[in-house]
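Colleague: Give the three-dimensional model of this entry:
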Amino acid sequence: MGREAGRVKQNRNRWCAVCLIGVLLCGQGGVFSAHADIPITITATIIEPTCNVTDQNGNNQMEVDFKDVLVDEVGTGGNTGKVSLLLMKVTCDGGAPVGKTLSMYINPTGGIMSYAGRTVLGTTMPGLGIDLTTDGKSSFPLETWTPVVTGTGGLLIAEAMLVSEKVADLKGGAFTSTASMVMAYQ
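Modeller: Got it, this is the predicted structure:
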C-alpha cells in the first residue's frame, strides 16, 4: 500500500502539472486560447441642419398685401413704386456646415416679366410685376441661389415693389402673383 500510495501521489502530481500546462497554453491570453473575429458594421446618415422659414407670426405661407394702389404708385423705368415689406423669420436647427452659406432660391410659379433689364415676378394683371429687393435697389434674382443669412437664423427683410414698363397701359382691378421659396445650404 505504501508503494501504491506513492504512485497515486506521483500520478496526481503529473496530472496537476498537465492541467497547469493546459491552462497556461489554452487559457485567457494563452498560446492556444480560442478567440473569434466579430465583424462590426457601423452605419450613419449625415444630414445638414434644416431651416424653417415662416412669416413674422410663424405662418408657413407668407402674404404681401399692397391694399389699394393708385396707378401713379407703380414703379416705372427704374423709379421706386409702392413697396410692401416681406418679413421672413429664418430658424435653423444647427450651425452652417463648414464652407456653406444659407441661400435662398425663388421660383416664380405665377409667371415672370421683364422690368428695367431684369426678370421680376409676373402678376395676373398684364404689364404689372413685383420686384423683390433687399433695400429698394438690389433685386433678389429669380431662379438663382442667393446667399441670405449667416449663423443659425434671423430675420430676412425683403421689399416687394410694384413695377411696370408701361404704367399707362395698366387697367384697374385685382391681381395676384405667386412664387415658392427654398432655403438650403449651398
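Colleague: So T176 sits against L128, correct?
Modeller: No. Taking C-beta atoms under 8 Å as the definition, T176 is not a contact partner of L128, at 10.6 Å. C-beta: built from backbone N, CA, C; applies to glycine.
Colleague: which one of these two has more residues nearby?
Modeller: L128 (27 against 8; other C-beta atoms under 10 Å).
Colleague: for the more buried one, what are its contacts?
Modeller: Residues near L128 by C-beta atoms under 8 Å, 6 or more residues apart in numbering: V74, L162, V163, S164, L170, F175.
Colleague: Check it and give its pLDDT.
Modeller: In this model, L128 is scored at 92, pLDDT.
Colleague: How about it: what's its closest non-neighbour residue?
Modeller: S164 (5.3 Å; C-beta to C-beta, 6 or more residues apart in numbering).
Colleague: What separation is there between that neighbour and L155?
Modeller: Here the distance between S164 and L155 works out to 29 Å (C-beta to C-beta, to the nearest Å).
Colleague: Over to L70?
Modeller: Between L70 and L155 the computed distance is 30 Å (C-beta to C-beta).
Colleague: Could you list the domains of this protein?
Modeller: The chain breaks down into these domains under automatic domain parsing: 1-43, 51-185.
Colleague: and among those, the most buried is which?
Modeller: Greatest average neighbour count among the domains of the chain goes to domain 51-185 (a mean of 15), per mean count of other C-beta atoms under 10 Å.
Colleague: Which ones among the contacts of L128 lie within strands?
Modeller: When DSSP state E is applied, the contacts of L128 are split such that L162, V163 fall in strands.
Colleague: and the two most separated of the contacts of L128?
Modeller: Of all pairs drawn from the contacts of L128, the greatest distance, 12.5 Å, lies between V163 and F175 (C-beta to C-beta).
Colleague: Just to check, I130 is in contact with T124?
Modeller: No. Counting by C-beta under 8 Å, I130 stays clear of T124, with 11.3 Å between them.
Colleague: Need the residues touching each of the two.
Modeller: Counting by C-beta under 8 Å, 6+ apart, the common neighbours of I130 and T124 are S177.
Colleague: one step back: mean pLDDT for the domains of the chain: which is lowest?
Modeller: In terms of average pLDDT, domain 1-43 trails the rest of those, at a mean of 62.
Colleague: Return the backbone torsion pair for D72.
Modeller: Dihedral angles of D72 (phi, psi; degrees, to the nearest 10) stand at phi -70, psi 0.
Colleague: which residue packs closest to it, ignoring adjacent ones?
Modeller: V167 (7.4 Å).
Colleague: OK, contacts around the one you found?
Modeller: With contacts taken as C-beta under 8 Å, 6+ apart, V167 has the following neighbours: V71, D72, V74, T76.
Colleague: and stretch 147-154, how far apart are its ends?
Modeller: Distance between the two ends of stretch 147-154: 13 Å, counting by C-alpha to C-alpha, to the nearest Å.
Colleague: Can you check the distance spanned by stretch 173-180, start to finish?
Modeller: Stretch 173-180 has an end-to-end distance of 24 Å (C-alpha to C-alpha).
Colleague: Before I go, just wanted to say thanks for your time.
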